[in-house]
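sequence isn't available, so here's the structure alone:
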């Protein structure tokens, strides 16, 4: 088993309490479905970001599309982690999921 980061891009933030409850219900149902695969349920990211370049300069915002959150799962392969990602509720809000394998370096 390896760990994989599901990196979310896009998707909408619910505005009303009823919409928030519906979205949380979808996330909780997905986490229950994938069960022990969830290593870290993650969190959404706030809207503010900074990008630090190799020369030490800092720019406001992200380079490329802004990421909106993450989840870490354990899975047997990139393919099976991708199958897990296909059920992410972020997709229902128009977002996308990029799946990265975590390479143990330390």
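That came through fine. Everything numeric in this text was worked out from a predicted model, so none of it was measured.

output the lowest mean pLDDT helix or strand found in the protein.
helix 17-34 (a mean of 92; mean pLDDT, DSSP states H and E).

going by contacts, tell me the helices and strands next to it.
On a contact count with 3 or more C-beta pairs under 8 Å, 6 or more residues apart in numbering; DSSP states H and E, helix 17-34 meets strand 38-44. Bear in mind the C-beta positions are built from the backbone N, C-alpha and C, glycine included.

got a list of what residue 8 touches?
Counting by C-beta atoms under 8 Å, 6 or more residues apart in numbering, residue 8 makes contact with 44, 67-71, 88, 90, 95-97.

rerun that using 7 Å as the cut-off
When contacts are counted by C-beta atoms under 7 Å, 6 or more residues apart in numbering, residue 8 is found next to 67-70, 90, 95, 97.

in strands, which of these fall?
Using DSSP state E, 67-70, 97 are the members of those that sit in strands.

a markdown table please, covering the residues you listed and showing distance to residue 25.
Below are the ones in strands among the contacts of residue 8 laid out as a markdown table (distance: C-beta to C-beta, whole Å):
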| residue | distance to residue 25 |
| --- | --- |
| 67 | 24 |
| 68 | 19 |
| 69 | 17 |
| 70 | 20 |
| 97 | 19 |
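
thinking again about what came up before, so which of the contacts of residue 8 is the closest to residue 81?
The nearest member of the contacts of residue 8 to residue 81, counting by C-beta to C-beta, is residue 97 at 9.9 Å.

for residue 7, see how far away the closest residue in space to that closest one that isn't next to it in sequence is.
Spatially, and ignoring its direct neighbours in sequence, residue 97 is nearest to residue 85 (4.3 Å; C-beta to C-beta, 6 or more residues apart in numbering). Note on residue 85: its distance to residue 7, by C-beta to C-beta, to the nearest Å, is 10 Å.

list the residues that contact residue 37.
By C-beta under 7 Å, 6+ apart, the residues touching residue 37 are 73-75, 84.

how deep is the closest residue to residue 3 other than its chain neighbours tucked in, by neighbour count?
Nearest residue to residue 3, sequence neighbours excluded (C-beta to C-beta, 6+ apart): residue 102, at 4.2 Å. Look at residue 102: counted by other C-beta atoms under 10 Å, it has 12 neighbours.
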